[in-house]
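**Student:** Prediction below, plus the sequence it came from.
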Amino acid sequence: MKAISKTSIVWLFLIAAIIVIPFVSGSYVIGVMCFVAVFGTLGVGMGVLNEQAGIFSLAHPTWFGLGAYVSGILAVQGATPPWLGSIIGAIFVAILSVLIGAPLLRLRGYYLACATFGLLLVVEISLAQLGSLTGGHEGLMGIPPLSMFGFTFETDLHYYYLSWGLCLACLWFLHNLMGSRVGRAVKAFSDSEVAASSMGINVPAFKLKVFVLTAVMASLAGSLYTFYLRFTQPGIFGFPLLVELMTMLIIGGGRTLYGPLLGSFVVLWLREFIHMYLGKLLPRMTAEVDAIFFGILIIVILIFMPGGLAGWVDKLLGLNRRALGRASD
Amino acid sequence: MEGLQTDNLLLDVRGLSKHFGGIKAVEDVTFGIIRGSIISMIGPNGAGKSTFINVVSGVYTPDAGEVHLEGEDVAGLPAHAMASKRLSRTFQLEELFSSLTVLENVMVGCHTCSSSGVLSCGFSIPFARKEEKKLRDEAMECLREVGLEERADDTISQLPLGERKLVGIARALAMKPKLLMLDEPAGGLAAHEVERLVKLIYALREQGLTLFIVEHNMPFVMSLSERIVVLDEGKKIAEGTPDEVRSNERVIKAYLGEEVA
């Protein structure tokens, strides 16, 4: 009971902060916070999939990219209104992730990681090569802004509320899910597949459900991202994004639900600060400093906070006794 | 003859075999489990007892033979389908879910008795919330049954081995089983823990549950079982009451050895 009231306080605080931030800050902060929400949505889904369900899939940027491209292409060609394109993108990703997940999820661990990494590369290369449809390496240009029922989302502030709305909706959905019958089944098969199936859990079916669900969330985030930037490029959805998401998961802590969101916040703002201050000091070295800084940070976090920032905060607050229990496994 | 038996027989195993390459782990095993009885399987290490339980519970698919549950052939079904037929089991090495609390472990056992899916759980619709509360109560009831209600919110790693075994049983009971198969429930337990387990098994028997126990602990098996099946090198070498088995030449030779002789 105590834990529940603490959780609702955290929720209230989070929602209040998101509403207040635009009033007390400028367009720069709002712009960065949009990215925090989009990558947070992506990270939260990947955290559930990789860490809680134990399905080590590296294809998450792919679903993000396919959502972005399908809705982007439909909007550029004027085939459907952007909001409908986003939904079509999500349905497309759902179908594709079922077709690909059904055979691939029979693999485990590194084998699954290899296969999904292959998928990541194949999709990135295909997007670059299907020039007439996707705009090739240069990317897809002229994407209109998102509009819905006569209202057009134009400013950063519009996208700020939209992206945080999506992010919190996904977080809320997954929070409910992971605390329910389905969530228990998912955690159960990640601990012991044989015991889970002996309890009547259809493990392959549940794996597929989690895989598809998080892919659809990534797809929706991708659509939003593409309408916000009004531009998209194959390179965005490749290996660098995967590394970025992994960094967020490790720093934020993928074992807790909100950890990747925290990771997204910390990583993106740290990067902003590095660029702001080092840009003046070492104008030509920023990218290298960025890479070295995050490399060292990951090592430090893995040594001193193996549960990431979120795991550490939970231990501090006593919110999650399971984090304590796990330490002795 | 079969027609007479099937009324009383809960589980009827006929000619069950499981081979791993050249190793005949279970070879042509036939016996029946009568409703409401306690039947045990014993045998030396490597006799194929655990393999047998894994085949019957659907973890392995048999190479030959039939398993009839109330007259229906269920051999070869996957484990989750066996579970939904109310064949429930525990594991030799507990196989509890370490990222869940004790109560949540037992709630996983209620899986087949519940139906909320991804969307109803994710959107937390009233049906899912109501079912969740019902599962919590049912799981709590099972924990009470094994005497662990005070441990409900603990993590698995906080429990001693004896209590972990009990959580495994509570989790299996939550499936409302027709047949409960216990894989070495007394393995590694201290004397007082075994006593607690015996009491529990008698209590379950009183409620009309049918139990199948695979075990090494001889006094435990001899005192509890109504019938005993003896396995050696994958084959059934004897079946009967504890007294019959105890005095069986082949059993003494294969397993009990000097202790009885």
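**Tutor:** Nice, thanks for sending it over.

**Student:** For chain B, see how far away the most centrally placed residue in chain A is.
**Tutor:** In chain A, the C-alpha closest to the average C-alpha coordinate belongs to A:Leu42, at a distance of 1.0 Å (Cα atoms, centre = their mean). From A:Leu42 across to chain B, the span is 18 Å (Cβ to the nearest Cβ, to the nearest Å). All C-beta atoms are positioned from the backbone trio N, CA, C, and that covers glycine.

**Student:** give me the low-pLDDT residue ranges for chain A?
**Tutor:** A:1-4, A:318-329 (pLDDT under 70).

**Student:** What are the boundaries of the helices in the stretch 101-250 of chain B?
**Tutor:** B:102-109, B:118-122, B:126-145, B:161-173, B:191-206, B:218-224, B:242-246, B:249-251 (DSSP state H, counting those that start in this stretch).

**Student:** Counting neighbours, show which residues of the shortest one come out buried.
**Tutor:** Judged by neighbour count using 16 or more other Cβ atoms under 10 Å in any protein chain shown, the buried positions of helix B:249-251 are B:Val251.

**Student:** what's next to that helix, contact-wise?
**Tutor:** B:Val230, B:Asp232, B:Ile237, B:Ala238, B:Val245 (Cβ atoms under 8 Å, 6 or more residues apart in numbering or on different chains).

**Student:** Enumerate every residue touching residue 147.
**Tutor:** I'll assume chain A. A:Pro81, A:Pro82, A:Trp83, A:Phe153.

**Student:** The intended chain is chain B.
**Tutor:** Per Cβ under 8 Å, 6+ apart, neighbours of B:Gly147: B:Leu166, B:Arg196, B:Leu200.

**Student:** for A:Phe56, same thing?
**Tutor:** A:Asn50, A:Arg108, A:Gly109, A:Tyr110, A:Leu112, A:Ala113, A:Thr116.

**Student:** And the nearest residue to A:Pro144 once chain neighbours are set aside, how close does it get to A:Val93?
**Tutor:** Leaving aside its chain neighbours, A:Pro144 sits nearest to A:Ala75 (5.4 Å; criterion: Cβ to Cβ, 6 or more residues apart in numbering or on different chains). Going from A:Ala75 to A:Val93 by Cβ to Cβ, to the nearest Å gives 16 Å.

**Student:** Would you mind naming what in the stretch 51-200 of chain A lies close to chain B?
**Tutor:** Applying Cβ under 8 Å from any Cβ of the partner chain, we find that the stretch 51-200 of chain A lies next to chain B at A:52, A:173-174, A:176-177, A:180-185, A:187-188, A:190-192, A:194-200.

**Student:** Centre of the chain to stretch B:26-37, how far?
**Tutor:** 13 Å (Cα atoms, centre = their mean, to the nearest Å).

**Student:** can you check stretch B:132-142 too?
**Tutor:** 21 Å.

**Student:** quick one, phi/psi of B:Lys176?
**Tutor:** Note on B:Lys176: its backbone torsions stand at phi 50, psi 60 [degrees, to the nearest 10].

**Student:** meant to ask about B:Glu226
**Tutor:** The phi/psi pair for B:Glu226 (degrees, to the nearest 10) is phi -90, psi -40.

**Student:** what's the burial count for it?
**Tutor:** 14 (other Cβ atoms under 10 Å in any protein chain shown).

**Student:** coming back round to it: comparing the helices of the stretch 101-250 of chain B, which comes out most buried?
**Tutor:** Neighbour counts (mean count of other Cβ atoms under 10 Å in any protein chain shown) averaged over each of the helices of the stretch 101-250 of chain B peak at helix B:102-109, with a mean of 27.
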